[in-house]
Every structure is written in C-alpha cells, then in structure tokens.
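Undergrad: Here is my input, please return the structure:
(one chain, ligands or ions: 1)
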Amino acid sequence: APPRQSWMERLRAGLRKTGGSIAGVFSGTKIDDQLYEELEEALLLADTGVKATQFLLDDLKRRVKEARATDPQAVRALLVDALAQLLAPLEKGLEVGRFSPTVMMVVGVNGAGKTTSIGKLTRHLAEADQRVLLAAADTFRAAAREQLGVWADRAQVDIISQEGGDPAAVSFDAVNAGRARKADVVIADTAGRLPTQLHLMEELKKIKRVIGKAQADAPHEVLLVVDGNTGQNALNQVKAFDEALGLTGLIVTKLDGTAKGGVLAAIARERPVPVYFVGVGEKLEDLETFSAREFARALLE
Ligand code: GDP
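TA: Numbering: from 1, shown residues only. Sure thing, here's the model as predicted:
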C-alpha cells in the first residue's frame, strides 16, 4: 500500500483541486498593491471571509513594514506567522479524565459528518484506553442509529439505543449507565434535523438540561461537528449552536478533498471555539488534532 498522506498533504491536494492556491500570489518579484489585491482575492476564495481577510491583510502589512521585507517569499513567511497567530486560540486539545464519566454531547446538522466523527472519536479514545459508552440520541433517524451501532461494534464499545424513544430520555439513561458501568466517557449523538416542526435547538437544549439532571456537572463537552467545505455557512452554524448551547469544541470535517480551509480563520476571528479535531477522510483513522502553525503552512506553502 502507498504510504498514508499526512493531513497537510491532503489539505494541500484539496486546495490545489479547488484552485484556491494562496501560495501562487507570492511567485512574483515585487511587493506592491497588486500583490496585496491578489492576496485579498485568494484569501476570500479560500473562504477566509471579509473580516478575517481584512484583519490578516492589516496585520501582514504591519509585519512587512516592521521586518522591512523586500521579497514576496518573505511576505509569504510573514503571512504564515500572522495566520498561525490568528489561529492559535483554536489550538486546544480535548481533555478527558477529570470527570467520571466525562459526558460529551455531539451536535451538528445532518451531513456534516457527525456520526462518522463520533466513530473516529470513539476509536481515538479507545486507543487511549478510555472506556467509552455511546448514546444514540438521534432517535429520529434509523440510519443514524444503525451507523452508530456499526462504529460501536468496530471499536468494541457499548451503545445505548432505543428505537423512536425520547432523545433526552436516552441521553439520561446513557449517563446513568455510564456511571454504573464505570465508563470514562459517554458520547451522545444527537439529531441534526427533526421530522416534525419541533425546533432543533429547543430539542438540543432539552437534551443538555436532562443530561445535567443525570449528572450535575454534565455535559462537560458540547461539540459541534461542522463541514469545513461550507464556508460562511460553517461560521454561521458555529455562532448559532454556540449561542443556543454554549459550545466547548469543534470537529471540522472534510478538510481533505475540496476544502478551502480559510473558514478556520473566519472562525478564529469571529467565534473562536477550540478546534479539538479535524476530519481528513472517511476512514476511522482520518482524525487529526489541530495545529495552528501546521495548518497555516498547509494553506500557504
Ligand atoms: P451526519 O449526517 O452528520 O451524521 O454525517 P455522516 O457521518 O453520515 O457523514 C456524511 C458523509 O460525509 C459520509 O459520506 C461520510 O463518509 C463523509 N465524511 C465524514 N467526515 C468526512 C471527512 O473528514 N472527510 C471526507 N472526505 N468525508 C467525510
């Protein structure tokens, strides 16, 4: 088998596919208005958003002046610094072990990669010798329950599931079962869309409330899974879920393939919720921890 590509390589390959190459802007010999204009355009095309793009350009110009850079390649290196600094607040690992169990509620719209990410996260935790219990609190979609069951089997972890049950009740049971079975981590998968007129956020708030009744300090983590390909939409989802539920972390998926990646800068500028993991493929091992500098380099080199 060919050696597995690093996620930087996959991200780069994705960027090349979408033509969102920012590095190309620095191929000339002069630092002039045209370079900055092309850079602005490339950053916007990479989903960086107006606010973060403006912030980065201002910061970059200041750095260029300070460093008295004269060569576009030096400007590119300074942009790596600027972006890495902007992204740094997102760089925070998921911590488990402080609570028994640590209770996580995972939210996100359908199709974002929520079920897959829970499978990856379960595998990641199981490899770190954590006892995981899954709760299938998306009781509306049979397919979601089944898929979660497949991941549970593969990772050899228990799952609490109840066809057509009340999502909050399933979560409540799972937290109690987690304590009884001495699980280290309980992960509740939630619905990304409801079949009725019921408001999704209200349903999720209820789950969160009821989890708190099963264990006073829980949930300890409210994780949003967001599709890295959806640009400003991803930022809007981060804002909406954060306002309703108070997010503690993000899993940003699909940063392989066609992702543009700049959306992380937009998130860092406008709603800096930590990125615990990034998804870089469909397989269970395709989950990586986020590094601000590595990411900045992948985007810009
Ligand atoms: P859910 O509806 O949010 O639970 O989404 P799923 O977990 O079912 O994923 C939706 C689709 O996205 C599936 O085809 C997954 O294989 C795919 N997917 C999830 N994460 C990633 C990722 O990081 N990279 C790629 N390329 N595909 C992903």
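Undergrad: who in the stretch 101-250 of the chain is up against the ligand?
TA: By C-beta under 6 Å from any ligand atom, the part of the stretch 101-250 of the chain that sits against the ligand consists of Gly108, Asn110, Gly111, Ala112, Gly113, Lys114, Thr115, Thr116, Ala144, Gly192. No exception for glycine: its C-beta is placed from N, CA and C like everyone else's.
Undergrad: can you tell me which of those residues are in helices?
TA: Within those, membership in helices is found for Lys114, Thr115, Thr116, Ala144, as judged by DSSP state H.
Undergrad: Now tabulate these in TSV and tack on neighbour count.
TA: Written out in TSV, the entries for those read as follows (neighbours: other C-beta atoms under 10 Å):
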residue	neighbour count
Lys114	28
Thr115	25
Thr116	22
Ala144	21
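Undergrad: Looking at the residues you listed, which two lie furthest apart in space?
TA: Farthest apart among these by C-beta to C-beta are Thr116 and Ala144. That separation is 10.8 Å.
Undergrad: quick one: whichever strand or helix holds Ser171 to chain centroid distance?
TA: Using DSSP states H and E, Ser171 falls within helix 167-180. In this view, helix 167-180 has its centroid 25 Å away from the chain centroid, taken as C-alpha atoms, centre = their mean, to the nearest Å.
Undergrad: Sort out which residues of that helix are buried, please.
TA: Pro167, Ala168, Val170, Ser171, Phe172, Asp173, Ala174, Val175, Ala177, Gly178, Arg179 (16 or more other C-beta atoms under 10 Å).
Undergrad: Over to stretch 91-99?
TA: Glu91, Lys92, Leu94, Val96, Phe99.
Undergrad: Could you do stretch 31-46 as well?
TA: Ile31, Leu35, Tyr36, Leu39, Glu40, Ala42, Leu43, Ala46.
Undergrad: hey, where'd the helices end up in the chain?
TA: Listed in chain order, the helices found in the chain under DSSP H are 7-17, 33-45, 50-67, 72-87, 114-127, 142-155, 167-180, 200-214, 232-245, 263-270, 292-300.
Undergrad: Output these in JSON lines; the columns should cover mean pLDDT and distance to Val225.
TA: JSON lines is the format used below for those (pLDDT from 0 to 100; distance: least, C-beta to C-beta, whole Å):
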{"stretch": "helix 7-17", "mean pLDDT": "69", "distance to Val225": "17"}
{"stretch": "helix 33-45", "mean pLDDT": "94", "distance to Val225": "25"}
{"stretch": "helix 50-67", "mean pLDDT": "98", "distance to Val225": "21"}
{"stretch": "helix 72-87", "mean pLDDT": "97", "distance to Val225": "19"}
{"stretch": "helix 114-127", "mean pLDDT": "95", "distance to Val225": "4"}
{"stretch": "helix 142-155", "mean pLDDT": "90", "distance to Val225": "12"}
{"stretch": "helix 167-180", "mean pLDDT": "96", "distance to Val225": "17"}
{"stretch": "helix 200-214", "mean pLDDT": "96", "distance to Val225": "13"}
{"stretch": "helix 232-245", "mean pLDDT": "96", "distance to Val225": "10"}
{"stretch": "helix 263-270", "mean pLDDT": "96", "distance to Val225": "14"}
{"stretch": "helix 292-300", "mean pLDDT": "89", "distance to Val225": "18"}
